[in-house]
Each structure stands twice: as C-alpha cells, then as structure tokens.
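> Generate coordinates for the sequence data below:
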Amino acid sequence: MSFTDMMSSGRGPGVIGALCALVVLLGFGFLFSVASDPGDDRSLEAVVRDQTKEILSKRGFISTGEANLKLTPSRIAEAKELTRLNLETESQKKLALTLQSEIATYKAEIEEKKTAFEAYKDEYRAFVRGKAKGEIIPVLETLTGMIYKNANIREVTAIGIQIRHDDGQKRIPFEELPAEMRDYYQFDPAQKEKAAANEAQARDQHEAAVAASNELMDQELAKQKAANAIVAKEKNRLDVIAKQAQVKNLKSEIRNLEQQIQAVASSASAAKAAGKIHFSKSNTYAGDIRAKQGLIATLETEIRQMQAK
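As a prediction, the model looks like this:
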C-alpha cells in the first residue's frame, strides 16, 4: 500500500497518531539528555519550554501537511481538468484558424462575384443608355409635375437624361424621372455623385483656364495699350516738332514779305520822285503776312494743346 493510499484509508489517522507519539517520545528523550548534560547552563524549565515550542511548531507543520494531503485528490482532478481544457483550447484555436481561412476565401469569392456583377451592370447601363439616343417620348411627365412634349432623348448619363422638346432643351436628373425609367437606365446614386464631382472638377478647371486666358489677354492688352501710348507720344512729339518747324518757316516767310514791302515802298518813293508811275504790291504782301500770322497762331495753339497731353 502506498503512502497516498494509506492516508486516504481508515488507517491513515492511526499512522499519523503513531508518528506524533514517536515525535513526543523523541522530544522527551532529547529533553532528558539535555537535562542530564552537565555542559548545558540552561535550567530544566528553560529547556522544557524550548522543547515544548519546538514540539508545537512541528505539530503545526504536521497539521499543515495533513491539510495539504487532504486537498491532493481535488488538485489532481483540477490538474486533469486543466489539461483537458488546454487540449480543447488548442483544438478550438486550430478550428478557429481553419474557419478564418475559409471566411477569407469566401470573402474573396464574394468580392470577385460583386466585381463581375458590377461590370455586367455597367455593360448593361452602357447598352441601354446608348440605345436610348434619338428615342422620342410623346409626353414625358416628371415626378415634380413638369410635362415635356415630344421629348427627344439626346443623351443619358449617370446624372440624368438630356432631352430636346417642343419648348427647348432640358437635362432632367434621375431623381425626377419615373421609377420605371430609373430602373431601366439603372440609376446609381454613387455613380451620379462621382459623375457630378467630375463635372464640377471639369467646370472648375474650365473656369480657371478661362480666367487665366482672360488675365493673359488683359496683360497683352495692357502691353499693347502701353505700346500704343508710347507710339502716340512719339507721334505727338514729332507732330509738335513738325508744327514748330512750320511756324518757324512761316515766320521766316513773313520776314521776307516784310522786307519785300520795304523794298516796294523804296521803289515807289524813287518812282514818285522821278515822276514815274509805279504799281505797288504792298497790299498783297500785307494780306499774305496776315494770313501767315493767322496760321502761326493756329499752329501755336495746336502745339500748346499737344504739349499738354
């Protein structure tokens, strides 16, 4: 019989009691030997007291051991259960990994089928929308109550349909079309949102390009204007110089005429003194001088106006 079996049987407590009695006897024997040892200076009472403490300590150790022995069967059962649970946990982990792999495979297959289905839907949309071009609807009534007569479909896009009707042209968004038309042309809000974003981006780019072109044109016009101003200024300067030269020539002509008048006056005086008849051109010369002086005044006024620019 093993020690564990003995402790779990009815004979276990008797064995423990015998061991305790043996320990007590050994203790008293040791106490007696110490008491009879002439080299020990302690009193008998002190030795007995110390030995009693040691005996009580060993009894406590024995009690603790007995309690632990009583817990052994339950701990063994717990250890077996823990081992079983660990094995079961490992099995569940392997199963979980297998399921995760299968789920990933199924998800990939689902995404592949969704992609294929969306591609089919896009092909169908392209077909029915392209086929609709040129179709005439005698009376097209929208969900907002608008009625368009002889609606000629010009284009079907992700946003709606572009029509030409008796009163003009119109792009009708899918949200305003009857349900059967939305279904037939496969209206997709996500595609409309993307198409609207693309249109907005294209419109912004166009407006930016137009703005840049206008700015460039304004710059070119400003350069041309500046160049024209320089040309005009130079022309004005040359015109002033030309008019100034003309004034100078007129003044020179006036001086010549004045000299001719003086010469005519001298000739007239000499002819009169000689008793001869003399036809004077003084009045003609004087008229030419007045005309030239008027022209000079006009030119000088024009020069002042030109210089003021």
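> Every contact and neighbour count from this point should use C-alpha atoms.
Noted.
> Check which helix or strand E302 maps to.
Using DSSP states H and E, E302 sits within helix 282-308.
> what mean pLDDT does that helix have?
Averaging the model's pLDDT scores along helix 282-308 yields 90.
> Tell me how many other residues surround K192.
Burial measure for K192: 17 neighbouring residues, criterion other CA atoms under 10 Å.
> so where's the chain shaky on pLDDT?
Scanning the chain for pLDDT under 70 picks out 1-42, 275-281.
> where do the helices sit along it?
According to DSSP state H, the chain carries its helices in the segments 3-8, 12-35, 44-131, 179-184, 189-274, 282-308.
> In the fourth one, which residues are buried?
So that's helix 179-184. Residues of helix 179-184 classed as buried by neighbour count (16 or more other CA atoms under 10 Å): R182.
> oh, and call the first residue 58 from now on, that's how I've got it
Renumbered: residue one is now 58, and that last one reads helix 236-241.
> which outside residues touch it?
Applying CA atoms under 8 Å, 6 or more residues apart in numbering, the set of residues contacting helix 236-241 from outside is V185, F231, E232.
> could I get the residues you listed as TSV with neighbour count?
Rendered in TSV, the data for the contacts of helix 236-241 read as follows (neighbours: other CA atoms under 10 Å):
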residue	neighbour count
V185	14
F231	25
E232	15
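> Quick one: closest of the helices of the chain to T201.
Distance to T201, taken as CA to CA, is lowest for helix 236-241 among the helices of the chain, at 12.8 Å.
> With just CA atoms, put stretch 275-294 into CSV.
Presented in CSV, the C-alpha positions along stretch 275-294 are these (Å, rounded to 0.1, in the frame of the first residue of the first chain):
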residue,chain,number,x,y,z
ASP,A,275,-5.7,91.7,-70.2
GLN,A,276,-1.9,91.7,-69.8
GLU,A,277,-1.5,91.6,-73.5
LEU,A,278,-4.0,94.5,-73.9
ALA,A,279,-2.2,96.4,-71.2
LYS,A,280,1.1,95.9,-73.0
GLN,A,281,-0.5,96.9,-76.3
LYS,A,282,-2.0,99.9,-74.7
ALA,A,283,1.3,100.9,-73.2
ALA,A,284,3.0,100.4,-76.6
ASN,A,285,0.3,102.4,-78.3
ALA,A,286,0.7,105.1,-75.7
ILE,A,287,4.5,105.2,-76.4
VAL,A,288,3.8,105.4,-80.2
ALA,A,289,1.2,108.1,-79.7
LYS,A,290,3.5,110.1,-77.5
GLU,A,291,6.3,109.8,-80.0
LYS,A,292,3.9,110.7,-82.9
ASN,A,293,2.7,113.7,-80.8
ARG,A,294,6.3,114.8,-80.2
